[in-house]
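Novice: quick one: sequence and predicted model below, then my questions.
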Amino acid sequence: MNSSWSSGLGSLDTLPLELRLCIYDELARSQLEDCKYISALAQVSQELLSEVAYHHGTFWSNTVLCFKISPRYERNSWLTVESNTSPDIHLRDLDDAISRGCRNLPYHMLKGIKIEIGCPSRADQGQILCVWKKCFDLVKLLGDRKVPFLAPLKICLVDTCKTASWYNARKSLPQKSLPTIEPGCSIRVEEADFLIALTPFVCLKGAAKASISIPEALRRDLKANSQYHGITTAERLLERSGPAASPADASDRSIDESLCLGRDDLYVKLETRLDFAAGRTANQLRLERFATWFDAGRIDAMSPAENEFRRIAWWSPAPETLLTHVSNLSARYMAMRALNPSSLYHRFGPKQSWHTKDFDCASESVTDAVYTGVVQDGWDTQAWYDKYQQSGLPAFNSRKSRNRVDNAVIGSRPEYGRSLDDIWRIVIGGRLWVATRAE
């Protein structure tokens, strides 16, 4: 038997160690793009696994990953990952990052992790919402990992221009893109932009060391108003250990629950505010939200949007607050169904009455036909972009949007939306699809 095969390294054993290490370096770099090939190679033999793992440890311990978040919205553009040891990687969305192995990277072995967040423009309300969504998904990526530890973590809030600064020098206040009160919206948003950007990260934990870098003007303002302790508290929270495992850790569990409650409360507030925010970015975010409402090409498929509200429902301590959010979700659902390019309205045009011949069913009554037909509405993500991409979807309180929805709903017929009872059952009871039948 060839001695090279008996060593466990195969034909690699014929190469000098220095050359093998160069090969392992290239493999480590490729792991940023797809780590499943690395794990398959490492499992060829125990000896190869040990040599590759040892050298990868050396490689990763010299690697700093920088996640760069832009406030600008572009379809299929989430963030860029820069590294001092590998080419830049542009990720389309969270699913793209997971499919390319980013969830399985050895984040605990890195020299450091940096998250750089560009400041949104206060002239475009949707940019801060775009930052929130990108940060929220990044925390999902970094938080759902096998090893409960992270390398030293640094979060940087970066000014981008004079009209996009985390501190509004003209008003001598932290920048606040969203007005506290929006006409037609009952939800108040008190948070400044920097708080909205940082809130998702407080649910991360296990960083070997954490630091938050903010522009000097903002730092001075927070210190002058005795608010800088919030930044230092957030740094300590990022360094807290993994999940509590015993009754003695009840205080830690209480902190975790409070942080998640605060984040989820802000989530539902910003989701509601997106319904009313003005500007190009908000229009495109509304389009993306509706276009991706269902993820399997069917109107009765799993709904990520509803699943997220269902998850949040388990945390809500105030039923009356939850009822408000459920009501908003119901109205949003009705608007989504009315504007769906594959809906019956868009397929048959506006009508004051419906007949069984309009539907692919053999119901005896118009009511039954409507009920069955709505369930049979089509679903095509690309159709949303084909119809609305140029201008996006306007705010719900705009005249253009109201006319679209009112015309499509045809007098707000109940079968085009889910009732509050149905949405409540979806969120609380766990039912992912409950069609509302007209009484």
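Specialist: Good, I have the coordinates.

Novice: rest of the way, CA atoms for contacts and neighbours
Specialist: Noted.

Novice: can I see the domain layout of the chain?
Specialist: For the chain, the domain assignment from automatic domain parsing gives the residue ranges 1-60, 69-274, 280-429.

Novice: and the helix or strand in which residue 80 is found, C-alpha only, in PDB?
Specialist: Taking DSSP states H and E as the definition, residue 80 sits inside strand 79-83. This file holds the C-alpha atoms of strand 79-83, laid out as PDB (Å, rounded to 0.1, in the frame of the first residue of the first chain):
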ATOM      1  CA  LEU A  79     -24.600  44.100   3.000                       C
ATOM      2  CA  THR A  80     -20.900  43.700   2.100                       C
ATOM      3  CA  VAL A  81     -18.400  41.500   4.000                       C
ATOM      4  CA  GLU A  82     -14.900  42.800   3.900                       C
ATOM      5  CA  SER A  83     -11.900  40.800   5.200                       C
END
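
Novice: helices and strands around it, which ones?
Specialist: With contacts defined as 3 or more C-alpha pairs under 8 Å, 6 or more residues apart in numbering; DSSP states H and E, strand 79-83 has these neighbours: strand 64-69, strand 89-91.

Novice: residue 127 and residue 73 touch, don't they?
Specialist: Yes: with contact taken as C-alpha atoms under 8 Å, residue 127 and residue 73 are classed as touching, separated by 7.3 Å.

Novice: between these two, which one's more packed in?
Specialist: Between residue 127 and residue 73, residue 127 has the larger neighbour count (other C-alpha atoms under 10 Å), namely 26 against 19.

Novice: hang on, the more buried one in a strand?
Specialist: No: Residue 127 is assigned helix when assessed by DSSP: H, G, I helix; E, B strand; the rest coil, not a strand.

Novice: contacts only, for it.
Specialist: Residue 127 sits next to 71, 72, 73, 120, 121, 281, 282 when contact means C-alpha atoms under 8 Å, 6 or more residues apart in numbering.

Novice: can you get me a residue count around residue 258?
Specialist: Residues contacting residue 258 under the criterion other C-alpha under 10 Å number 14.

Novice: then the one 5 residues further on?
Specialist: Using other C-alpha under 10 Å as the criterion, residue 263 is surrounded by 21 other residues.

Novice: any chance of the contacts of residue 127 in TSV, plus pLDDT, distance to residue 166 and secondary structure?
Specialist: Shown next, in TSV, are these (pLDDT from 0 to 100; distance: C-alpha to C-alpha, whole Å; DSSP: H, G, I helix; E, B strand; the rest coil):
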residue	pLDDT	distance to residue 166	secondary structure
71	96	12	coil
72	95	15	coil
73	95	18	coil
120	95	8	coil
121	93	9	coil
281	96	19	helix
282	95	20	helix
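
Novice: format those as JSON lines; extra columns: distance to residue 217.
Specialist: Formatted as JSON lines, the entries for the contacts of residue 127 read as follows, by distance: C-alpha to C-alpha, whole Å:
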{"residue": "71", "distance to residue 217": "20"}
{"residue": "72", "distance to residue 217": "23"}
{"residue": "73", "distance to residue 217": "26"}
{"residue": "120", "distance to residue 217": "16"}
{"residue": "121", "distance to residue 217": "17"}
{"residue": "281", "distance to residue 217": "27"}
{"residue": "282", "distance to residue 217": "28"}
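
Novice: out of these, the closest to residue 85 would be?
Specialist: When the contacts of residue 127 are compared for distance to residue 85 (C-alpha to C-alpha), residue 71 comes out closest, at 25.9 Å.

Novice: is it correct that that closest one is in contact with residue 128?
Specialist: Yes: using C-alpha under 8 Å as the test, residue 71 is close enough to residue 128 to be in contact (6.7 Å).

Novice: tell me which of the two has more neighbours.
Specialist: For the pair residue 71 and residue 128, the greater number of neighbours falls to residue 128 (28 against 25), based on other C-alpha under 10 Å.

Novice: am I right that the more buried one is in contact with residue 70?
Specialist: No: in this structure, residue 128 is not within contact of residue 70 by C-alpha under 8 Å, at 10.1 Å.

Novice: if we can go back for a sec, identify the contacts common to residue 71 and residue 128.
Specialist: Counting by C-alpha under 8 Å, 6+ apart, the residues touching both residue 71 and residue 128 are 120, 121.

Novice: give the next helix or strand downstream of the lowest-mean-pLDDT helix or strand in the chain.
Specialist: Taking mean pLDDT, DSSP states H and E as the measure, the helix or strand of the chain with the lowest value is helix 366-375, at a mean of 38. Once helix 366-375 ends, the next helix or strand along the chain (criterion: DSSP H and E) is helix 381-388.

Novice: quick check: residue 210 vs residue 129, distance?
Specialist: 25 Å (C-alpha to C-alpha, to the nearest Å).

Novice: looking at these two, which is more packed in?
Specialist: Under the criterion of other C-alpha under 10 Å, the comparison of residue 210 against residue 129 puts residue 129 first, with 27 against 23.

Novice: what's near enough to touch that one?
Specialist: Residues near residue 129 by C-alpha under 8 Å, 6+ apart: 270, 274, 282.

Novice: okay, and the residue nearest to residue 201 when sequence neighbours are not counted sits in which element?
Specialist: Take residue 201 and drop its neighbours on the chain: the residue closest to it by C-alpha to C-alpha, 6 or more residues apart in numbering is residue 139, 6.2 Å away. Remark: residue 139 resides in helix 126-143, with elements defined by DSSP H and E.

Novice: ok, residue 123 next?
Specialist: Using DSSP H and E, residue 123 maps to neither a helix nor a strand.

Novice: tell me, how many residues neighbour it?
Specialist: Residues within reach of residue 123, counting by other C-alpha under 10 Å, total 13.
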